[in-house]
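Q: any chance you could fold what I've pasted below:
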Amino acid sequence: MTDDEIIELFHTIFLNPDDAGMPLDKEGDDPYFWTAPRVETEDALQEVAPEASEEQLSRIAAVLNGEYPAWARKSDL
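A: Next up, the predicted model:
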């Protein structure tokens, strides 16, 4: 799979915390109060594309981490 295909698949499975409706947490270290399990980008990518090389996953993680460092599974919402 290409990087773009993996990113597209990623976005069909995971939502960023804003789109997932996570409320803001002004008191905590994380800006969000996670009402569903928080999944780090790298762990989420392992689920989405376990066959991808480490180099490809690192490259894609850099792009996705530029958006958000953690995500929520749509199925957990």
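
Q: now Leu64: closest residue in space, sequence neighbours ignored.
A: Spatial nearest neighbour of Leu64, excluding adjacent residues (Cβ to Cβ, 6 or more residues apart in numbering): Thr41 at 4.8 Å. From N, CA and C alone the C-beta is placed, and that goes for glycine too.

Q: kindly report the same for Phe14.
A: Nearest residue to Phe14 in three dimensions, chain neighbours excluded: Trp71, at 3.9 Å (Cβ to Cβ, 6+ apart).

Q: same question for Met1.
A: Closest to Met1 by Cβ to Cβ, 6+ apart is Ala49, at 6.2 Å.

Q: equivalent analysis for Pro23, please.
A: Distances taken as Cβ to Cβ, 6+ apart place Phe33 nearest to Pro23, at 4.9 Å, with adjacent residues excluded.

Q: thinking the residue nearest to Met1 is in contact with Ile7, fair?
A: No - between Ala49 and Ile7 there is no contact under Cβ atoms under 8 Å: 9.7 Å.

Q: so for these two, which residues contact both of them?
A: Shared contacts of Ala49 and Ile7, defined by Cβ atoms under 8 Å, 6 or more residues apart in numbering, comprise Ile60.
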